[in-house]
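Participant: below is the sequence, then the predicted model.
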Amino acid sequence: MSESNSVGLVKAQIAHFTQPLTLKSGAVLPQYHLAYETYGELNADKSNAVLICHALSGNHHVAGRYRETDKYPGWWDNLVGPGKPLDTNRFFVIGVNNLGGCHGSSGPSSVNPLTDRPYSATFPVVTVEDWVESQARLLDYLGIQQLAAVIGGSLGGMQALQWNIAYPERVRHAFIIASAPNLTAQNMAFNEVARQAIITDPEFFDGDYYNHGTVPRRGLRIARMLGHITYLSDDVMGEKFGRKLRHGGLKYSFDVEFEMESYLRYQGDKFAGEFDANTYLRMTRALDYFDPALAHGGDLSQALRGARAKFVVISFTTDWRFSPARSREIVKALLDNRLPVKYAEVTSEHGHDAFLMPDPHYHAIMRAYLAQIDGGRHE
Amino acid sequence: MNKPVKNIDIRPDFALITQWVTANSNVLDLGCGDGTLLTHLHATLNTTGYGIEKDDANWLAALKNGVDVIQMNLEEGLSGFEDQSFDTVILSQTLQAMHNTESIVHEMLRVGREVIVTFPNFGYWRNRLQITLGSMPVSKSLPYQWYDTPNVHLCTVRDFDQFCQQHQIQVLERRVLTEGRDVSLWPNLLGNLAMYRLKRLHH
């Protein structure tokens, strides 16, 4: 494998915060820490920083590998690296694990310093707004006043949008990819089924499974299987698996009979082995709760009145979980405010997953736009 | 007085459109291609605005030209754009390829205070001659064969005049050109390119 345009070996870092954070729910985190990674060099006037906001199951490990032997690089390695569309020769790229996560930032599975035990179910419900607030503090910590760009897909796109509501003066360019201004009832319904799968798992123990020495693996596995169905398009599932049989003939059993079942079970098992159920509950809730128009009588244009950035909005034709129509709602709100916006509807068969894939046209868009962004402050 | 169209670097309809657009106004260009017109308008008149383009390659070219370009299909109308939210909405040499012709013209008049429409005049004598001789017209402005043409709604200057009358559209200005020059004598016969500046007729 050619690694010539990889960021190479990377190391996660931890930033500790002792200033209490009041969350949208009213709960207070007296102290917390965020795991983050950076790629590229911060320039002298600290104006070339790009923040990557992650989606449901993502984290701060965006690009590169921790060890040469790692099977996979970071989750958006195809986008980020020297000479890649988000060129680390020009930009200082920051990946951060959101609060409530399970990959190094404070979250249900991390140790509460006040009790020396995992936060467990006591870790509060966090929102997109809370994440942006904590990300802003991470920028303060890194001495970065303004982002050259904030980039996010799906739930990450919601954070990129929220940045322009909470801190419009700190964003020059915003990429909102495969996202939505809020979730539809159907979309929230998928989240509810996923959560119910977790919560009703006998090993869940009201979220306190760390202290019972169990893991609600079954629930998490079903939640992920459901998720995977919604991230793919009907067409791509048909193409990838169709009605292909695993063993050549029917066994008249409930074991894996079809290739599709094998795929879902594999994905579910893999995920259940590496992700935290309490984090999954919180990430899906953050998705459900995000609705910046709500405070403005449902008027998204009003919610974005203060935005100042230049926007790139991208959707994918077969994405039915975050459909192009939802991206067009964001575009309309930007148009209503006469904000600079470029909107692309990328033809892809890959459903919601398309935003993580190196589709040539999609990446050409990212590359061309990012190439025009000055690393400096004066635009 | 009509100023002569003199900018030879750009399409003749673009040069004339430039005369019809007000400085510092905001413009929506439907089917903006690679954004040449919007870039030109911005450079010469300091306009702001957006382009709409469906084709991936054109869309990307427009982005590279720095145009704020929205990818959407004009056949579906201009939902997402508020009433009377642009000074000028432009549809240059695209009308004849639209399926929902009436609806796009109404949508343009809804969104724009003024509308500029340009199209190849099917009544041009060379087209008439080719038909008289028994063939579908093929020319520089109609470069397609009958079987591969995207042009499904070709019309003449007279047709479009009637269309405006029937649809309560006020023609603020009409110019018909051949090779970039105004044609005032028998424009429907001698003119190759028709250009209209329109607005809604208020009762």
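Facilitator: Nice, thanks for sending it over.

Participant: list the buried residues in stretch B:156-170.
Facilitator: B:Thr156, B:Val157, B:Asp159, B:Phe160, B:Asp161, B:Cys164, B:Ile169 (16 or more other Cβ atoms under 10 Å in any protein chain shown). C-betas here are computed from N, CA, C, even on glycine.

Participant: same thing with stretch A:138-151?
Facilitator: Buried-residue list, stretch A:138-151, by 16+ other Cβ under 10 Å: A:Leu138, A:Leu139, A:Leu142, A:Ile144, A:Leu147, A:Ala148, A:Ala149, A:Val150, A:Ile151.

Participant: sort out for me which of the residues you listed are in strands.
Facilitator: Judged by DSSP state E, those include A:Ala149, A:Val150, A:Ile151 as members of strands.

Participant: let me know the closest of these to chain B.
Facilitator: Each of those was checked against chain B using Cβ to the nearest Cβ; the closest is A:Ala149, at 15.0 Å.

Participant: please determine how far the closest one is located from A:Gly64.
Facilitator: 19 Å (Cβ to Cβ, to the nearest Å).

Participant: do B:Gln162 as well
Facilitator: 66 Å.

Participant: and the average pLDDT for the helix or strand harbouring A:Leu161 is what?
Facilitator: Element membership for A:Leu161 (DSSP states H and E) is helix A:155-166. Mean pLDDT, helix A:155-166: 98.

Participant: returning to what we had before: A:Arg90: which of the ones in strands among the buried residues of stretch A:138-151 is nearest?
Facilitator: A:Ala149 (11.2 Å; Cβ to Cβ).

Participant: verify the stated contact: the closest one with A:Arg172.
Facilitator: Yes: counting by Cβ atoms under 8 Å, A:Ala149 touches A:Arg172, with 6.6 Å between them.

Participant: returning to that earlier point: could you identify the most distant pair in the buried residues of stretch A:138-151?
Facilitator: Applying Cβ to Cβ across the buried residues of stretch A:138-151, the maximum distance is between A:Leu142 and A:Ile151, 16.7 Å.

Participant: gap between the helix holding A:Leu161 and the chain center?
Facilitator: Mean-position distance between helix A:155-166 and its chain equals 11 Å (Cα atoms, centre = their mean, to the nearest Å).

Participant: with stretch B:193-203 instead?
Facilitator: The answer for stretch B:193-203 is 12 Å, by Cα atoms, centre = their mean.

Participant: what sits against A:Tyr72?
Facilitator: A:Arg65 (Cβ atoms under 8 Å, 6 or more residues apart in numbering or on different chains).

Participant: helix, strand or coil for it?
Facilitator: Recorded secondary structure, A:Tyr72: coil (DSSP: H, G, I helix; E, B strand; the rest coil).

Participant: please apply the same query to A:Val312.
Facilitator: A:Val312 - assigned by three-state DSSP - is strand.

Participant: how about stretch A:45-57: buried residues?
Facilitator: A:Lys46, A:Ser47, A:Asn48, A:Ala49, A:Val50, A:Leu51, A:Ile52, A:Cys53, A:His54, A:Ala55, A:Leu56, A:Ser57.

Participant: show me those that map onto strands.
Facilitator: A:Ala49, A:Val50, A:Leu51, A:Ile52, A:Cys53.

Participant: okay, those residues in a markdown table with distance to chain B next?
Facilitator: Below are these laid out as a markdown table (distance: Cβ to the nearest Cβ, whole Å):
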| residue | distance to chain B |
| --- | --- |
| A:Ala49 | 23 |
| A:Val50 | 18 |
| A:Leu51 | 22 |
| A:Ile52 | 21 |
| A:Cys53 | 22 |
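
Participant: may I have the phi/psi pair for A:Ala136?
Facilitator: Per-residue torsions, A:Ala136: phi -60, psi -40 (degrees, to the nearest 10).

Participant: and it, how many neighbours?
Facilitator: 17 (other Cβ atoms under 10 Å in any protein chain shown).

Participant: secondary structure class for the nearest residue to A:Ala27 once chain neighbours are set aside?
Facilitator: Distances taken as Cβ to Cβ, 6 or more residues apart in numbering or on different chains place A:Pro124 nearest to A:Ala27, at 3.8 Å, with adjacent residues excluded. Of the three states, A:Pro124 takes coil according to three-state DSSP.

Participant: packing partners for the helix holding A:Leu161?
Facilitator: On a contact count with 3 or more Cβ pairs under 8 Å, 6 or more residues apart in numbering or on different chains; DSSP states H and E, helix A:155-166 meets strand A:49-53, helix A:128-142, strand A:149-153, strand A:173-177, helix A:277-289.

Participant: same thing but 6 Å
Facilitator: Where contact means 3 or more Cβ pairs under 6 Å, 6 or more residues apart in numbering or on different chains; DSSP states H and E, helix A:155-166 is packed against strand A:49-53, helix A:128-142, strand A:149-153, strand A:173-177.

Participant: for A:Ala272, find the nearest of these.
Facilitator: Nearest of these (Cβ to Cβ): strand A:149-153, 23.2 Å.

Participant: residues in contact with the closest one?
Facilitator: A:50-53, A:55, A:159-160, A:163, A:171, A:173-175, A:177-178, A:355 (Cβ atoms under 6 Å, 6 or more residues apart in numbering or on different chains).

Participant: now do stretch A:196-206: distance from first to last residue.
Facilitator: 12 Å (Cα to Cα, to the nearest Å).

Participant: hang on, A:Phe311 packs against A:Tyr343?
Facilitator: No: using Cβ atoms under 6 Å, A:Phe311 makes no contact with A:Tyr343, being 8.3 Å away.

Participant: which of those two has more neighbours?
Facilitator: Each of A:Phe311 and A:Tyr343 has its neighbours counted (other Cβ under 10 Å); A:Tyr343 has more, 27 against 24.

Participant: pull the contacting residues for that one.
Facilitator: With Cβ under 6 Å, 6+ apart, A:Tyr343 has these contacts: A:Val313, A:Val331, B:Ile70, B:Gln71.

Participant: how about the spatially closest residue to the second one that is not a sequence neighbour, secondary structure?
Facilitator: Using Cβ to Cβ, 6+ apart and skipping the chain neighbours, the partner closest in space to A:Val331 is A:Tyr343 (4.6 Å). Going by three-state DSSP, the secondary structure assigned to A:Tyr343 is strand.

Participant: quickly list what A:Tyr343 is bridged to.
Facilitator: A:Val313, B:Ile70 (DSSP bridges).

Participant: how about the helices in the chain?
Facilitator: Looking at chain A here, since you left the chain open. A:128-142, A:155-166, A:185-199, A:217-231, A:234-240, A:259-274, A:277-289, A:300-303, A:324-336, A:360-372 (DSSP state H).

Participant: switch to chain B, please.
Facilitator: Under DSSP H, chain B gives helices at B:12-20, B:36-45, B:56-64, B:101-111, B:125-132, B:157-166, B:187-190.
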